[in-house]
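A.B. asks: coordinates for the following, if possible.
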Amino acid sequence: MLVKVFAAAVQGIDATLITIEVNSTRGCMFYLVGLPDSAVKESHQRIISALQVNGYKMPTSNIVINMAPADIRKEGSAYDLPLAIGMLAANETIQSDKLDRYLLMGELSLDGSLQPIKGALPIAIKARELGFEGMILPQQNAREAAVVNNLTVYGVENLREVVEFFNGNQELASTIVNTREEFYARQNTFDLDFADVKGQENVKRALEVAAAGGHNVLLIGSPGSGKSMLAKRLPSILPPLSLGESLETTKIHSVAGKLGKDGGLISIRPFRDPHHTISNVAMTGGGSFPQPGEISLAHNGVLFLDELPEFSRNVLEVLRQPLEDRKISISRVKCNVEYPASFMLVASMNPCPCGYYNHPTKPCVCSPGQVQKYLNRISGPLLDRIDLQIEVTPVPFEKMSDICPGEPSVVIRERVVRARQLQQERYTQVPGVYCNAQMNSKLLSLYARPDERGLALLKGAMTRLNLSARAYDRILKVARTIADLEGSESIQSAHLAEAIGYRNLDREDWAG
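C.D. replies: Numbering: from 1, shown residues only. Okay, the predicted model is just below:
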């Protein structure tokens with residue numbers, strides 16, 4: 001008897017339908033074809049044990065299983081459940097009349113219980129797109145898949161529940177998630193707030209400008225000056241995620257298996273802070289079986305690189321292309337996948353090896369050559385792509401002991417949201433551009449043209465600081481954001497002066 005069961009394979013952050021064809025004839029052999037990897041081939045032993053423990057007989061006939069399309073490599077253990085159901089249906093242990101209405105995924109334990117899988121959200125989106133009535137998958141992934149509306153999602157604990165469901169002996173309880181209610185309820189929940197930060201008003205202002213325009217930031221200062229503390233509070237002033245952004249971000253984390261048992265849509269912008277020992281592949285994604293890297297997990301959020309010069313130079317250089325293109329393409333011999341990587345880069349570093357160059361009270365023991373050598377660990381092309389380079393000085397005792405709270409994040413966030421709304425209205429007709437940091441040269445000439453006084457100021461800065469053409473563009477983008485924060489339609493010389501002031505490392509006298 002020939003039956004068909006439906007599953008899915010995840011490629012990048014999208015899913016592809018996999019049709020599992022099981023043919024049972026006279027004989028005693030077992031064949032599994034369709035480009036399965038080792039984990040899929042090993043499913044045979046897991047299925048045999050799961051069936052025996054749950055009181056079902058392993059079919060003793062000749063079984064041929066084809067996983068179509070045969071030119072797509074099938075990876076992982078998530079095909080155990082559809083393979084087992086297909087074998088039982090081909091042996092007429094299960095009624096096959098409802099199999100074509102559901103998409104099945106799940107890894108089997110030896111006792112027949114189901115283990116969670118990766119990529120449940122993109123698979124559920126594909127199931128709805130193809131018109132399936134429902135989806136059956138492990139209970140741990142049910143909330144994640146139930147985010148997709150117009151699709152009935154059944155979370156099950158073991159193989160027996162699925163068999164009884166198809167035989168009509170048991171009803172399964174569908175998982176229902178009020179996506180919008182949960183999403184909006186959790187959007188304003190932050191553990192960290194700018195109200196806790198004493199002093200550092202100039203750095204708070206710079207981070208507000210960065211959040212308003214989606215700009216990259218480098219914080220440079222001595223140990224204990226508050227660089228990491230400030231950076232970790234940045235998500236609390238970023239604009240809330242839209243549903244579309246949240247869905248795309250959740251898909252990436254679903255594919256990487258980072259959602260956890262609670263599942264649901266990600267409602268707060270991601271904040272990723274990898275250790276400086278991270279490898280190229282872990283940062284960009286890839287591997288034998290490609291997975292999203294840190295830059296993709298930070299999509300629509302913040303990638304924080306603490307102690308920037310301590311990162312491998314190769315790791316830092318691979319960031320240059322994603323910072324410009326806002327995506328990463330990973331090419332391997334057997335596949336080619338593309339992951340989105342639109343993130344804000346926030347980095348921090350000490351100014352020198354000892355950490356106390358330009359410190360107001362502690363002397364620096366490094367020679368000018370050592371300071372410059374330390375700074376040269378960050379390449380010029382990467383620094384050019386960082387819009388704001390801010391010096392963070394230690395907070396004096398008078399401000400640290402001040403009991404008055406600072407300006408809370410919710411107030412700063414309101415200004416940031418207003419500025420972002422102006423940008424969204426401005427770029428409504430431009431696909432792929434949502435904030436000032438994403439402007440190209442054509443948009444700069446339209447919306448970031450300075451007046452004559454501002455042009456003269458910019459010319460003097462370019463000549464004095466010997467800035468590159470990319471730095472020129474970055475200054476204009478930051479000035480446009482400062483103007484948006486003030487509600488100004490045009491860029492004034494004061495906006496340009498502030499934007500130029502955020503290029504601290506471009507000053508000739510900075511490193512002696």
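A.B. asks: so for the helix or strand that contains residue 303, mean pLDDT?
C.D. replies: Using DSSP states H and E, residue 303 maps to strand 302-305. Averaged across strand 302-305, pLDDT comes to 96.
A.B. asks: same question, stretch 204-217
C.D. replies: pLDDT averaged over stretch 204-217 gives 95.
A.B. asks: if you count neighbours, what's buried in stretch 189-198?
C.D. replies: By 16 or more other CB atoms under 10 Å, the buried positions in stretch 189-198 come out as 192-195, 197-198. (Glycine included, C-beta is placed from N, CA and C.)
A.B. asks: state the mean pLDDT of that stretch.
C.D. replies: Mean predicted lDDT for stretch 189-198 stands at 86.
A.B. asks: distance from it to the middle of the chain?
C.D. replies: 23 Å (CA atoms, centre = their mean, to the nearest Å).
A.B. asks: counting contacts, what elements does the longest strand anywhere in the chain pack onto?
C.D. replies: Scanning the chain for the strand with the most residues, using DSSP state E, yields strand 14-25. Using 3 or more CB pairs under 8 Å, 6 or more residues apart in numbering; DSSP states H and E, the elements in contact with strand 14-25 are strand 2-11, strand 62-68, helix 80-90, helix 120-129.
A.B. asks: mind doing that once more with 10 Å?
C.D. replies: strand 2-11, strand 30-33, strand 62-68, helix 80-90, strand 102-104, helix 120-129, helix 243-255 (3 or more CB pairs under 10 Å, 6 or more residues apart in numbering; DSSP states H and E).
A.B. asks: is it possible to export the ones you listed to CSV including distance to residue 479?
C.D. replies: CSV is the format used below for those (distance: least, CB to CB, whole Å):
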stretch, distance to residue 479
strand 2-11, 42
strand 30-33, 61
strand 62-68, 56
helix 80-90, 56
strand 102-104, 51
helix 120-129, 40
helix 243-255, 26
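A.B. asks: tell me which of these lies nearest to residue 50.
C.D. replies: Among those, the nearest to residue 50 by CB to CB is helix 80-90 (6.4 Å).
A.B. asks: CA atoms of the closest one as CSV?
C.D. replies: Output of helix 80-90 as CSV, limited to C-alpha atoms (Å, rounded to 0.1, in the frame of the first residue of the first chain):
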residue,chain,number,x,y,z
ASP,A,80,10.9,10.7,13.0
LEU,A,81,7.2,11.3,13.6
PRO,A,82,6.1,11.5,10.0
LEU,A,83,8.2,8.5,9.1
ALA,A,84,6.7,6.4,11.8
ILE,A,85,3.1,7.5,11.0
GLY,A,86,3.8,6.8,7.3
MET,A,87,5.0,3.3,8.0
LEU,A,88,2.0,2.5,10.2
ALA,A,89,-0.4,3.9,7.6
ALA,A,90,1.3,1.8,4.8
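A.B. asks: off-centre distance for it?
C.D. replies: Centre to centre, stretch against its chain (CA atoms, centre = their mean), the figure for helix 80-90 is 35 Å.
A.B. asks: quick check: angle from it to strand 14-25?
C.D. replies: Put simply, helix 80-90 runs at 30 degrees to strand 14-25, going by axes from the mean of the first three to the mean of the last three CA atoms, to 10 degrees.
A.B. asks: what is the mean pLDDT for helix 80-90?
C.D. replies: 94.
A.B. asks: relative to strand 62-68, how tilted is it?
C.D. replies: 130 degrees.
A.B. asks: helix 80-90 to strand 2-11, inter-axis angle?
C.D. replies: Going by the same axes, to 10 degrees, helix 80-90 makes 170 degrees with strand 2-11.
A.B. asks: the helix or strand where residue 218 lies: how far from the chain's middle?
C.D. replies: Per DSSP H and E, residue 218 falls inside strand 217-221. Distance, stretch centre to chain centre, for strand 217-221: 23 Å (CA atoms, centre = their mean).
A.B. asks: just for this protein, where's the confidence low?
C.D. replies: For the chain, the stretches with pLDDT under 70 are 261-262, 333-334, 397-398, 400-403, 506-512.
A.B. asks: could the buried residues of stretch 189-198 be laid out in CSV, adding secondary structure?
C.D. replies: Shown next, in CSV, are the buried residues of stretch 189-198 (DSSP: H, G, I helix; E, B strand; the rest coil):
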residue, secondary structure
192, coil
193, coil
194, helix
195, helix
197, coil
198, coil
